[in-house]
Structures are given as structure tokens and as C-alpha cells.
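> Here's a sequence, model it:
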Amino acid sequence: MILVTGATGSIGTHLVRLLLEQGAPVKALVRDAAKGRALGCDVVVGDFDEPASLAAAMDGVDRLFLNAGGAQPVEGEQPMIRQQKAAIDAARAAGVSRVVKVSVWGAHRGGRLAEGAHWEIEEYLKASGLGWSMLRPGGFMQNFITGAGAFTADGRLVDAYGGAGVSYIDCHDIAACAAALLTGARGLGETYVLTGPQALTAAEITRELSAALGRAVGHVEVSPDELAAALRSQGLPARFADDIAELSRDVAAGSLAATTTAVRDLTGRAPRTFARFLAANAEALRAGLLATARP
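Numbers count the residues shown, from 1 in each chain. As a prediction, this is how the structure comes out:
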């Protein structure tokens with residue numbers, strides 16, 4: 001049995017569907033039972049902050065897809081560290097044989113926000129005695145539909161990366177890589193950096209968005225300092241805002257511009273292009289951020 005956490009999220013929904021299509025036994029850990037039932041698989045209600053619910057969810061589970069939450073604007077340790085360590089502990093106690101964890105590209109000791117938090121969780125998983133595989137994706141294409149702050153109020157794309165390219169990946173491809181690892185024997189003890197097929201600049205993205213929407217979409221550059229100031233004006237902690245700004249400086253310097261062959265290596269096909277992603281999500285695109293941002 002495969003347990004999928006984050007099952008109603010951008011990666012999890014695709015993963016559950018792929019596993020069901022392959023006939024794999026799967027159940028989903030969800031906080032909302034109604035949303036879980038819509039997945040069409042066995043569902044267990046639980047929460048990463050409730051260790052007893054994690055223990056119950058692991059009953060009969062052999063493989064675990066570990067994906068939960070991002071960085072939060074809090075003081076001290078990121079909550080995801082405590083939460084995912086609890087899931088790893090529950091998996092070990094239940095005799096789970098393998099964990100496929102979603103991490104982040106650039107995870108490293110002392111990294112800011114998610115980069116440092118995911119590195120700590122990775123190390124904990126490696127030391128747990130469980131079989132493991134790490135998936136380290138870069139920027140998600142889905143963020144252009146669901147990501148807060150992706151667009152200005154007048155409908156322009158926000159470029160906080162100084163025109164640098166980012167090799168965005170479709171969450172469908174992350175799910176496909178996870179499915180390959182969860183249903184096979186390959187990749188044990190391996191870390192995979194997942195990217196799309198090419199790095200795209202904000203100017204290139206707006207051209208693709210314009211073509212998909214049938215109307216012009218512009219973009220505006222926002223410096224890291226301006227980004228931090230905007231976040232602080234929204235009431236977010238200064239340290240969190242400064243960390244976001246520093247991460248944007250890293251991206252502007254090219255930290256997410258490279259591409260890898262990992263998606264093809266794991267799935268046997270090339271990762272989706274941004275144009276294909278937009279075509280597959282045209283309705284959601286129109287109903288999402290762009291629908292409420294008028295040029």
C-alpha cells in the first residue's frame with residue numbers, strides 16, 4: 001500500500017490519479033474528508049501536527065510519498081521540520097520500506113527558509129534507516145495559477161528575478177517521477193533535481209501567457225528590496241521578507257536556470273513545456289489570478 005500525503009495539492013492530485021491508473025494500491029492522507037473522497041481512492045483523515053493520526057494512517061503502508069507545506073512566516077524553526085520528522089518516525093514504527101520525499105532544489109545546511117528546512121528533513125530521513133529517494137524540483141508552473149503575488153493588481157506578471165531564466169516544472173511531471181519511484185525498485189538512495197525542458201524569462205512567459213489568453217499580458221520588474229518592502233507592508237515578519245528577497249537574488253543570479261534529464265530518466269519522456277502546461281490548464285488560468293487582474 002502506498003500512502004500519499006499532500007494528496008489534495010498540486011502534486012498529490014496528479015500522483016493519486018497516476019497510481020490509480022497503474023492499478024497500485026493507494027490511500028490518501030487528507031485533512032478534509034470531502035476533498036479526499038473526490039480523489040477516488042481510500043482516504044484517511046489526519047494531520048501532520050497530530051502524531052496519533054499519522055500512526056493510524058501508516059497502518060498497512062509499505063511506501064510513503066512525503067510532501068507537506070512550504071516555508072511559513074514564523075519565528076524560529078520552520079513547522080515543516082517538526083511535521084515531516086513526525087511522519088518519518090511514524091513510517092519507521094510502522095515498518096514502511098521506502099519514502100519518496102519532495103524537497104526543494106538547492107536544499108543545503110543553513111539555507112534560508114525551505115532550503116534549510118528541507119535539508120534538515122532530508123538528513124533526518126537518511127539517518128532513519130528507511131529506504132529513501134529525494135525529489136528536488138525547482139519552480140512550479142502551477143504557481144502562475146495559484147501563487148499569491150504572481151501578478152500585479154493590473155494584471156502584469158511580477159518579475160522578481162531581474163530577467164533571469166527559471167526552468168519551471170509542471171507538477172504533473174513531479175508526480176510522474178514520484179509514481180515511477182513508488183511503484184518500482186529504482187532510485188533507492190538517490191536524489192533527483194527535477195526541471196522543465198528549458199529556462200524561461202519573465203518576458204518569454206508573458207508571451208506564452210498572451211498567446212494562451214488571446215490578449216496581451218505584460219510584466220513588471222520588482223527588485224529584491226522592493227519585494228521585501230511589499231511583504232513587510234502586508235504584515236509579514238521582516239526576517240521572512242528579507243529571506244525571500246535573498247532567495248530572489250539567488251534566482252536572479254541563475255540558481256534555477258539549469259535543466260536536468262531527471263524527468264526523462266525516470267519517466268521515459270521529456271518534461272512538459274510551458275506552452276503545453278498552459279494549454280492543459282487554460283480554464284484554470286482564466287478562472288485564477290488572471291481572471292481577477294484586469295490590464
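
> which residues of this protein fall in strands?
Assigned by DSSP state E, the strands in the chain fall at 2-4, 26-30, 42-45, 63-66, 98-102, 131-137, 157-159, 190-194, 219-221.

> and the nearest residue in space to residue 269 that is not next to it in sequence, what pLDDT?
Nearest residue to residue 269 in three dimensions, chain neighbours excluded: residue 263, at 7.6 Å (CB to CB, 6 or more residues apart in numbering). In short, each C-beta sits where N, CA and C put it, glycine included. Looking at residue 263, its pLDDT is 98.

> just to revisit the earlier point, closest to residue 79 out of the strands of the chain?
strand 63-66 (14.8 Å; CB to CB).

> contacting residues for residue 39?
Residue 39 is in contact with 7, 8, 13, 16, 17, 28, 30, counting by CB atoms under 8 Å, 6 or more residues apart in numbering.

> do residue 32 as well
By CB under 8 Å, 6+ apart, residue 32 lies in contact with 8, 45.

> same question, the one 3 residues further on
Taking CB under 8 Å, 6+ apart as the contact definition, residue 35 lies against residue 8.

> who's in contact with residue 161?
202, 248, 251, 252.

> How much space separates the residue nearest to residue 269 from residue 166?
Residue 263 is 16 Å from residue 166, where distance means CB to CB, to the nearest Å.

> of these two, who's got more company?
residue 263 (26 against 22; other CB atoms under 10 Å).

> shaky segments in the stretch 1-150 of the chain?
Scanning the stretch 1-150 of the chain for pLDDT under 70 picks out 146-148.

> Confirm for me that residue 197 is in contact with residue 276.
No - the pair residue 197 / residue 276 is not scored as a contact, 9.6 Å apart, by CB atoms under 8 Å.

> in this protein, which spans are helices?
Listed in chain order, the helices of the chain (DSSP state H) span 12-21, 33-37, 51-57, 79-94, 114-126, 143-146, 171-183, 202-213, 224-233, 238-252, 262-267, 274-280, 282-287, 289-292.

> Check these for me and report the most buried one.
Of those, the one with the most neighbours on average (mean count of other CB atoms under 10 Å) is helix 171-183, at a mean of 24.
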